[in-house]
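Engineer: Structure of the sequence below:
(one chain, ligands or ions: 2)
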Amino acid sequence: MRKIAVFGVSGRMGQMLVREVDAHPGATLSAAVERAGHEWIGQDLGQTMGGGARDLLVSDDIDAALAASDVIIDFTAPAATVALAARAANAGVGHVIGTTGFEEADLAAIAEIGTRGHIVRAGNMSLGVNLLVTLARQVARALGDEYDIEIVEAHHRHKVDAPSGTALMLGEAVAEGRGVSLSDMADRGRDGITGARRDGAIGFHAIRGGDFIGEHDVIFAGPGERVTLRHVASDRALFARGALRAAMWLEGRGPGEYSMLDVLGLIGR
Ligand SMILES: NC(=O)C1=CN([C@@H]2O[C@H](COP(=O)(O)OP(=O)(O)OC[C@H]3O[C@@H](n4cnc5c(N)ncnc54)[C@H](OP(=O)(O)O)[C@@H]3O)[C@@H](O)[C@H]2O)C=CC1
Ligand SMILES: O=C(O)C1=N[C@H](C(=O)O)C[C@H](O)C1
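Structural biologist: Ligands and ions are numbered 1, 2, ... in the order given. The predicted model follows:
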């Protein structure tokens, strides 16, 4: 049995993850962690999730959670994730990171920790989005600079970061397909007298509202035609299943910062 701890357990994704781990025949929930001071700390996990009691209390004890686990799944917040990555690596525990909204410095810190730790990190854990990433790279390469690329994403009203982690994955993929750096070419959320479109720009636009789970369009707008690649998530459990797959896949791997492309066998496609 793979022992898996869920961090951010009260969150939208945290609760999905508990259900997926419970349903997996090869996994067992080893710890349920929330941030210090959270109202769920010390409560029975089953009851706080609206069901019957179970033999597991929500805790803020990270060392105890690491000691009890083979791997942790973390959909929390950037600062928490960076700190946790170092502690998980030191403890020899795998770390599946679904958190998004990282700054460049955070990503550099995680990459450094990944030289000794066992990490899977992806802004989107779904098979469909990761397949779309490979397609977006191919389409950008095939169509070339005459086609303007715009990435449009829509999420629920509670999401705190923009562009979404998925939009950034897609942006990196099309930039790679074109042989340019995303940081040089990204044009985020236009407003006002922006002037005509910059040649080669990769535009990002974020819709926030209601209960969108996550929708992403990559638009290639060319002379006389448009191509749109689209992914629509209709069930958040999708991401939890992907994260759990990553947690199982890490077993027996060497140190590294892996992506869902590695987990799903989509590397190099
Ligand atoms: N990669 C993917 O496929 C997906 C990624 N995400 C990303 O996952 C993250 C979480 O999303 P979501 O579940 O919707 O957000 P929520 O706000 O519902 O959940 C986040 C949870 O993490 C908790 N938390 C914050 N800091 C800590 C900490 N130090 N230790 C333990 N728990 C902590 C929060 O507690 P509190 O509210 O009290 O601060 C909250 O319960 C976001 O970055 C989101 O973009 C989401 C879906 C899919
Ligand atoms: O916050 C969310 O909800 C989601 N976040 C991820 C992202 O930032 O792309 C993945 C998914 O779209 C849902």
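
Engineer: contacts and neighbour counts: CA atoms only from here.
Structural biologist: Noted.

Engineer: how much space between residue 94 and ligand 2?
Structural biologist: 21 Å (C-alpha to the nearest ligand atom, to the nearest Å).

Engineer: got the residues of the stretch 101-250 of the chain near ligand 2?
Structural biologist: 123-124, 159, 164-166, 213-214 (C-alpha under 6 Å from any ligand atom).

Engineer: In strands, which of those residues fall?
Structural biologist: Counting by DSSP state E, the part of those found in strands is residue 214.

Engineer: now the residues of the stretch 101-250 of the chain next to ligand 2: which count as buried?
Structural biologist: 123-124, 164-166, 213-214 (16 or more other C-alpha atoms under 10 Å).

Engineer: could I get those as a markdown table with pLDDT and distance to residue 193?
Structural biologist: Formatted as a markdown table, those follow (pLDDT from 0 to 100; distance: C-alpha to C-alpha, whole Å):
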| residue | pLDDT | distance to residue 193 |
| --- | --- | --- |
| 123 | 98 | 32 |
| 124 | 98 | 33 |
| 164 | 98 | 25 |
| 165 | 98 | 28 |
| 166 | 98 | 28 |
| 213 | 98 | 32 |
| 214 | 98 | 30 |
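
Engineer: the residue most distant from the middle of the chain, which is it?
Structural biologist: Distance from the C-alpha centroid of the chain, by C-alpha atoms, centre = their mean, peaks at residue 224 (35.2 Å).

Engineer: What does it show for phi and psi?
Structural biologist: phi 80, psi 0 (degrees, to the nearest 10).

Engineer: where along the stretch 101-250 of the chain do the strands fall?
Structural biologist: Secondary structure of the stretch 101-250 of the chain by DSSP state E, counting those that start in this stretch: the strands cover 118-121, 148-155, 186-188, 202-208, 214-222, 225-233.

Engineer: quick one, which of those strands is packed in tightest?
Structural biologist: strand 118-121 (a mean of 26; mean count of other C-alpha atoms under 10 Å).

Engineer: and it, anywhere near ligand 1?
Structural biologist: No - judged by C-alpha under 6 Å from any ligand atom, strand 118-121 makes no contact with ligand 1; its nearest approach is 7.6 Å.

Engineer: and the residue lying closest to residue 222 once chain neighbours are set aside, how far is that from residue 46?
Structural biologist: Of all residues not flanking residue 222 in the chain, residue 147 sits nearest, at 4.1 Å (C-alpha to C-alpha, 6 or more residues apart in numbering). Taking C-alpha to C-alpha, to the nearest Å as the measure, residue 147 falls 52 Å from residue 46.
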